[in-house]
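>>> Need a 3D model of the sequence below.
(one chain, ligands or ions: 2)
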Amino acid sequence: MSKKPVRVAVTGAAGQIGYALLFRIASGEMLGKDQPVILQLLEVPVEKAQEALKGVMMELDDCAFPLLAGMEAHSDPMTAFKDTDYALLVGARPRGPGMERADLLAANAQIFTAQGKALNAVASRNVKVLVVGNPANTNAYIAMKSAPDLPAKNFTAMLRLDHNRALSQIAAKTGKPVASIQKLAVWGNHSPTMYADYRFATIDGASVKDMINDQVWNAETFLPTVGKRGAAIIAARGVSSAASAANAAIDHMRDWALGTNGGWVTMGVPSKGEYGIPKEVMFGYPVTCANGEYSIVEGLPIDAFSQECINKTLAELQGEQDGVKHLL
Ligand code: NAD
Ligand code: LMR
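Numbering: from 1, shown residues only. Ligands and ions are numbered 1, 2, ... in the order given. All right, here's what the predicted structure looks like:
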């Protein structure tokens with residue numbers, strides 16, 4: 001017997017990430033090749049955006065995806081999020097050349113307050129929320145704080161792009177396949193302060209740290225390359241990353257919904273005090289996922305260099321949080 005369709009809301013559906021994301025959701029890459037989906041697509045109530053959304057929906061129609069059980073266009077989060085089981089909050093103003101993600105804070109805070117309230121009012125009580133729109137951690141924090149009737153753990157921020165970027169850099173450095181790298185962690189904010197940490201990582205059981213054995217490369221090449229990758233792509237393309245961001249969103253939701261078989265991935269999730277991070281800070285942690293739930297990997301030793309990196313990214317996140325306090 002075929003499965004009952006689930007509702008997937010996507011905001012910013014006519015944007016560049018939306019264009020790289022929707023077709024993969026509808027083809028079953030996110031929730032499984034046996035899971036029908038109904039897409040509830042939100043765009044701003046502006047004619048140009050709504051027209052562009054119509055065009056994307058025509059293309060979705062033209063793919064004749066067997067798993068696409070329905071599709072709706074919305075301009076109001078109160079209807080777009082009705083009964084939704086999954087919400088991918090992509091729509092936001094992206095940064096351009098020379099801007100830091102923090103510059104987007106004020107512009108985007110209002111969007112995520114309104115969307116958090118709408119999720120609180122009309123979404124499924126089990127909705128899984130992924131915030132992609134930048135600054136992703138703080139936008140996720142705002143949405144979570146604006147939805148007091150939903151469990152805080154249902155709100156997450158996308159650190160998976162940083163995780164995937166770090167995997168690729170390690171694969172290139174060690175000459176080993178990406179898929180062979182286990183137990184990578186990325187701590188903190190989706191920003192240049194994030195701390196990609198390969199101290200626990202292994203390849204075929206061997207320690208990645210011992211294989212690389214180069215703290216100068218770690219501090220002066222690896223961390224800046226991963227941390228500044230978004231800016232490097234903006235400098236090269238003139239617009240921010242889209243296909244790799246959509247890919248990371250698929251990875252994040254798929255693993256959350258379908259599990260990681262014990263493997264570690266990185267998710268931005270509200271802290272419950274793990275590793276000394278104050279409660280509710282939306283922090284990148286190594287997690288495992290099973291039965292539709294994530295669990296933070298606990299008990300990892302934090303050395304002095306790592307603690308310094310974690311303190312730095314935490315301070316930035318707390319600064320962002322302070323900057324939006326008045327809106328909550
Ligand atoms: P884009 O400008 O191409 O598309 C954004 C779309 O969102 C636009 O169509 C716009 O009309 C829509 N939008 C704006 N406000 C909205 C609202 N309130 N409700 C619904 N839709 C709204 O941008 P993009 O390249 O798709 O990027 C989207 C966001 O994702 C940006 O904030 C970008 O910085 C961020 N991003 C995050 C990551 C990450 O790793 N977390 C990676 C890449 C991009
Ligand atoms: C990225 O990391 O590519 C995105 O967050 C876009 C950006 O502004 O850097």
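>>> Please list the residues of this protein that sit near ligand 2.
Listed as neighbours of ligand 2 in the chain under the rule C-beta under 6 Å from any ligand atom: 95, 101, 134, 161, 230-231, 233, 240-241, 245. Glycine gets a C-beta too; all of them are placed from N, C-alpha and C.
>>> Quick check: which of the residues you listed has the minimum pLDDT.
Taking pLDDT as the measure, the residues of the chain next to ligand 2 have their low point at Arg101 (64).
>>> ok so, going back, which of the residues of the chain next to ligand 2 fall within helices?
When helices are assigned by DSSP state H, the members of these inside them are 161, 230-231, 233, 245.
>>> Return only those of those found close to ligand 1.
Residues of these in contact with ligand 1 (C-beta under 6 Å from any ligand atom): 161, 245.
>>> Including neighbour count, could the ones in helices among the residues of the chain next to ligand 2 go into JSON lines?
Converted to JSON lines, those look like this (neighbours: other C-beta atoms under 10 Å):
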{"residue": "Leu161", "neighbour count": "25"}
{"residue": "Gly230", "neighbour count": "23"}
{"residue": "Ala231", "neighbour count": "17"}
{"residue": "Ile233", "neighbour count": "16"}
{"residue": "Ala245", "neighbour count": "25"}
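>>> Outline the domain layout of this structure.
Structural domains assigned to the chain are 6-157, 159-325, following the TED database.
>>> hey, where'd the helices end up in this structure?
Using DSSP H, the helices of the chain run over 16-26, 47-63, 77-80, 105-122, 136-145, 160-174, 208-212, 215-217, 223-227, 229-237, 243-258, 304-324.
>>> pLDDT of the last one, averaged?
Spelled out, that is helix 304-324. Helix 304-324 comes out with an average pLDDT of 96.
>>> Which neighbouring elements make contact with that helix?
Under the contact criterion of 3 or more C-beta pairs under 8 Å, 6 or more residues apart in numbering; DSSP states H and E, helix 304-324 touches helix 105-122, helix 136-145, strand 185-187, strand 195-197, strand 282-290.
>>> and the nearest residue to Pro192 once chain neighbours are set aside, how many neighbours?
Setting aside the residues directly before and after it, Pro192 is nearest to Gly227 in space (C-beta to C-beta, 6 or more residues apart in numbering), at 3.8 Å. As a burial measure, the neighbour count of Gly227 was computed by other C-beta atoms under 10 Å and equals 21.
>>> Write out the residues of the stretch 101-250 of the chain neighbouring ligand 1.
By the criterion of C-beta under 6 Å from any ligand atom, the positions of the stretch 101-250 of the chain lying close to ligand 1 are 111, 132-134, 136, 158, 161, 190, 240-242, 245.
>>> Recalculate using a threshold of 5 Å.
Proximity of the stretch 101-250 of the chain to ligand 1 is assessed by C-beta under 5 Å from any ligand atom, with 111, 132-134, 136, 158, 161, 190, 240-241, 245 identified as the residues in range.
>>> of the ones in helices among the residues of the chain next to ligand 2, closest to ligand 2?
Relative to ligand 2, the closest of these is Gly230; by C-beta to the nearest ligand atom it sits at 2.2 Å.
>>> From Ile203, how far out is the closest residue to Ala171 other than its chain neighbours?
Closest residue to Ala171 in three dimensions, ignoring its sequence neighbours and counting by C-beta to C-beta, 6+ apart: Val178, at 4.5 Å. When distances are taken as C-beta to C-beta, to the nearest Å, Val178 and Ile203 turn out to be 10 Å apart.
>>> Who has more neighbours out of these two?
Neighbour tally, Val178 and Ile203, criterion other C-beta under 10 Å: the higher count belongs to Ile203, 19 against 11.
>>> and that one, what does it touch?
For Ile203, the contacting residues are 174, 176, 180-182, 211, taking C-beta atoms under 8 Å, 6 or more residues apart in numbering as the criterion.
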